[in-house]
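1. Just to be clear, the model below is a prediction. Sequence and coordinates:
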Amino acid sequence: MKNIAFIINPISGAKETQNAKKKLPKLIMQTLDTEQWLPNIVFTEYAGHATELAYQYARMGFDAVVAVGGDGTVNEVARGLKGSKTAMGVIPMGSGNGFARHLNIPIRPQKALEMINHSEPISVDYGLANGHLFVSTCGTGFDAVIADHFAGSNKRGFMTYLRNILKDVFSYSSQTYHIVGDGLDVTHKAFLITFANANQWGYEAIIAPRASVQDGKMDIMIMSSNAILGSASLALRLFAGNIDNSYFMDTLRAREVTLEREEKAPFHIDGDPVEMEKDIHIRIVEDGLRVLVEKRF
């Protein structure tokens with residue numbers, strides 16, 4: 001028997017998803033292979049609680065801890081498990097669910113639970129931005145502004161995200177950025193810059209098509225300050241998975257860089273806004289986290 005904990009964030013995702021989480025303990029007991037796994041189920045009560053719980057479970061020697069929520073919940077659980085032998089599972093029940101989508105973890109809770117029954121742990125990378133852990137992406141510019149507005153919205157879901165984009169896209173002013181380190185020394189005036197460990201923001205919006213969580217590097221996606229001129233084609237490419245072929249995108253790859261900004265501005269970590277210094281040191285920690293994925297036969 002292997003010990004597994006499910007850490008459920010009751011407030012992530014849209015209202016329908018929140019209601020579904022109330023029934024999740026029953027679904028876990030019905031679906032999980034209890035001849036293989038001995039489950040422990042707990043709901044978070046405040047911001048950062050998932051990190052505390054995950055850290056305690058890792059110290060107790062649990063085989064796996066499952067983050068039940070969105071990318072913010074995954075981020076919190078990863079913070080508690082990083083560097084340990086305890087593997088992280090994911091039941092994606094948030095808004096964008098970018099990390100789960102990158103790893104082909106089923107979006108439907110029952111299918112994700114069934115996958116855990118025949119899963120295996122793999123080692124993946126995570127990133128640090130001035131010490132703040134990210135598993136998928138972090139960045140500055142327009143996407144960080146939208147993340148800030150989305151976090152303050154009473155409603156969740158893709159339509160809320162889209163409304164925020166349409167409200168601000170034509171009034172946003174680009175900033176000039178300097179990226180230095182790992183052989184790079186470049187200056188860009190950019191609409192946004194995303195540092196990608198995984199390939200997407202969420203909602204299947206694939207900002208870094210070639211990004212891998214197992215290559216020890218980040219893909220640095222720089223969208224031109226003139227991106228508004230190609231907004232329609234960029235949107236199509238974003239969901240088609242080939243935005244890196246756009247004239248308005250530049251791609252860099254590195255293990256460790258420093259981002260120098262003209263002034264402090266919004267910054268996001270895995271889609272959640274964070275207060276950050278003007279200059280930001282970003283690096284990839286190779287094989288720093290274990291994650292449950294579909295077993296490869």
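-> That came through fine. Numbers count the residues shown, from 1 in each chain.
2. Using the three-state scheme, assign A235.
-> Secondary structure assignment for A235 (DSSP: H, G, I helix; E, B strand; the rest coil): helix.
3. what does the one 4 residues further on give?
-> The assignment at F239 comes out as helix when based on three-state DSSP.
4. ok, it - contacts?
-> 204-206 (Cβ atoms under 8 Å, 6 or more residues apart in numbering). For every residue, glycine as well, the C-beta is placed using N, CA and C.
5. Out of these, which sit inside strands?
-> Counting by DSSP state E, none of the members of those fall within strands.
6. Reformat these as TSV; add distance to K217, pLDDT and neighbour count.
-> Below are the contacts of F239 laid out as TSV (distance: Cβ to Cβ, whole Å; pLDDT from 0 to 100; neighbours: other Cβ atoms under 10 Å):
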residue	distance to K217	pLDDT	neighbour count
E204	23	88	15
A205	21	90	19
I206	17	94	25
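7. Quick check: which element contains the residue located most distally from the centre of the chain?
-> Within the chain, E35 marks the point farthest from the mean C-alpha position, 31.7 Å out by Cα atoms, centre = their mean. According to DSSP states H and E, E35 maps onto no helix or strand at all.
8. looking at it, T187 is touching I193, isn't it?
-> No - checked against Cβ atoms under 8 Å, the pair T187 and I193 is beyond contact range at 11.7 Å.
9. ok, those two, which is more surrounded?
-> Legend: neighbour count by other Cβ atoms under 10 Å for T187 and I193, higher for I193 (24 against 11).
10. before we move on, the earlier item: ok, now which ones touch the residue farthest from the centre of the chain?
-> Per Cβ under 8 Å, 6+ apart, neighbours of E35: M1.
11. let's go with 10 Å and repeat that
-> 1, 117 (Cβ atoms under 10 Å, 6 or more residues apart in numbering).
12. about what we covered before: what touches both of T187 and I193?
-> Common neighbours of T187 and I193 (Cβ under 10 Å, 6+ apart) are 177, 179.
13. The stretch 1-150 of the chain: strands as residue ranges?
-> Secondary structure of the stretch 1-150 of the chain (DSSP state E, counting those that start in this stretch): strands at 2-8, 37-43, 64-69, 87-92, 119-129, 132-134, 137-141.
14. For K111, find the nearest of those.
-> K111 lies closest, by Cβ to Cβ, to one member of the strands of the stretch 1-150 of the chain: strand 87-92, at 9.7 Å.
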